[in-house]
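Novice: build the 3D model from these lines:
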Amino acid sequence: MSGDEKGRIREREADAGVESREGAERRPLMQVRGLKTWFPVKGGAFGRKGKMLRAVDGVSFELQRGETLGLVGESGCGKTTAGRSMLRLVEATEGEVIFDGESVFGMNRRELRAFRRRAQIIFQDPFSSLNPRMPIGAMLKEILQIHRLVPKEQEESRVAELLDMVGLQPEHASHYPHQFSGGQRQRIGIARALAVEPELIICDEPVSALDVSIQAQILNLLRDLQKRLGLTYLFIAHDLSVVRHLCDRVAVMYLGKIVELAPAEALYRHPRMPYTRALLSAVPVPDPTRVRRRVPLEGDVPSPVDPPSGCPFHPRCPHPKKDERCRAQRPALNTVADGHMAACHYPLNEEF
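Specialist: This next block holds a predicted model:
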């Protein structure tokens, strides 16, 4: 083979490498397709398995690199189960999760361990997720040792760096979880997630248990870390006022399904789904001169063990056009405007 031919082969290989990197940058970081997570419900005199509780019932979305996607809804709608299923902390019943081009559900133990370095979670209750018998420094060192991230002589400095990143002092490394406040414990949870240098962090209601002033500090910290480290967030919450200022897009869940997905500003300005409008009407407005009309919902949330036919929201829906089609036919999540999707037979047209 001549030198010119070898040179052309090297050029083609280099071009292919560039194209591969560019393709990886263009594709979504995570794709969730038809995710279902059902749990058996025991019943009867002998505790036999009967019906299934449909915690997550066909969820699909994409998560772009560097964005923050909010996942919101009432308690029990399945948002936390969806987040944990994506990381295989809870095994899904059906569906597919693709992370950077690879199937998460098809990973073996070694591949799953490598995936866990790239995708982490921050839990709602930081105290229950921390080992009460271990000092914070030892807890962080254990993570560094398991994943072999730094040499042993650099562990102390890396722990100090992680604590500094989340607004804690190096001397806090010798303290135990019970010696910290709720906000400080959540900072420790964030430091633990950052220890493996992840690309994706699932934030499972990380500020819902904190005072309002502390919530703002943690949200600002998450935003700063995202800009600094190029992180991608899936932010699970039920507080819509929090989500508006942090998220690029928002997905609204109801009874295990996504019923609306849109850019944050579009969703807050012009919600197309009656359920989303009802949620937004309950958010306090920090302006005494502005009056927002409440949208009351009748009845309770149906049971995920025995969901209603047709649109899952139709038993409580206040839409004036609600008819037999809503009761019989389940609406698909369709595009109703640029980048705005809603699962409703009669999406709302007027702005909120």
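Novice: what about the closest residue to Met86 other than its chain neighbours, how many residues close to it?
Specialist: Once flanking residues are discounted, Met86 sits nearest to Val97: 5.2 Å by CB to CB, 6 or more residues apart in numbering. For the C-beta atoms, the positions are set from N, CA and C on the backbone; glycine is no exception. Around Val97 there are 21 other residues, counting by other CB atoms under 10 Å.
Novice: isn't Lys51 up against Asp306?
Specialist: Yes: counting by CB atoms under 8 Å, Lys51 does reach Asp306; the two are 6.9 Å apart.
Novice: all helices in the stretch 101-250 of the chain, in order from the N-terminus.
Specialist: Assigned by DSSP state H, counting those that start in this stretch, the stretch 101-250 of the chain shows helices spanning 109-118, 136-146, 155-165, 182-194, 212-229, 240-246.
Novice: deepest-packed of those helices, please.
Specialist: Highest mean neighbour count among the helices of the stretch 101-250 of the chain (mean count of other CB atoms under 10 Å): helix 182-194, with a mean of 23.
Novice: ok so, going back, mean pLDDT and distance to Gly58 for the helices of the stretch 101-250 of the chain - can I get that in TSV?
Specialist: Below are these laid out as TSV (pLDDT from 0 to 100; distance: least, CB to CB, whole Å):
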stretch	mean pLDDT	distance to Gly58
helix 109-118	94	23
helix 136-146	94	35
helix 155-165	96	38
helix 182-194	94	28
helix 212-229	93	29
helix 240-246	85	22
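Novice: export those to a markdown table and tack on distance to Gly73?
Specialist: Conversion of those to a markdown table gives the following (distance: least, CB to CB, whole Å):
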| stretch | distance to Gly73 |
| --- | --- |
| helix 109-118 | 26 |
| helix 136-146 | 31 |
| helix 155-165 | 31 |
| helix 182-194 | 22 |
| helix 212-229 | 19 |
| helix 240-246 | 10 |
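Novice: re earlier: who has more neighbours out of Lys51 and Asp306?
Specialist: Taking neighbours as other CB under 10 Å, Lys51 and Asp306 compare with Lys51 leading, 14 against 10.
Novice: could you list the low-pLDDT ranges of the chain?
Specialist: 1-25, 43-49, 286-292, 352 (pLDDT under 70).
Novice: the nearest residue to Arg158 once chain neighbours are set aside: neighbour count?
Specialist: Using CB to CB, 6+ apart and skipping residues adjacent in sequence, the residue nearest Arg158 is Val150, 5.0 Å away. When neighbours are defined as other CB under 10 Å, Val150 has 17 of them.
Novice: tell me the SS of Gly34?
Specialist: Here Gly34 is strand, with the state taken from DSSP: H, G, I helix; E, B strand; the rest coil.
Novice: residues touching it, list them.
Specialist: 58-60, 94-96 (CB atoms under 8 Å, 6 or more residues apart in numbering).
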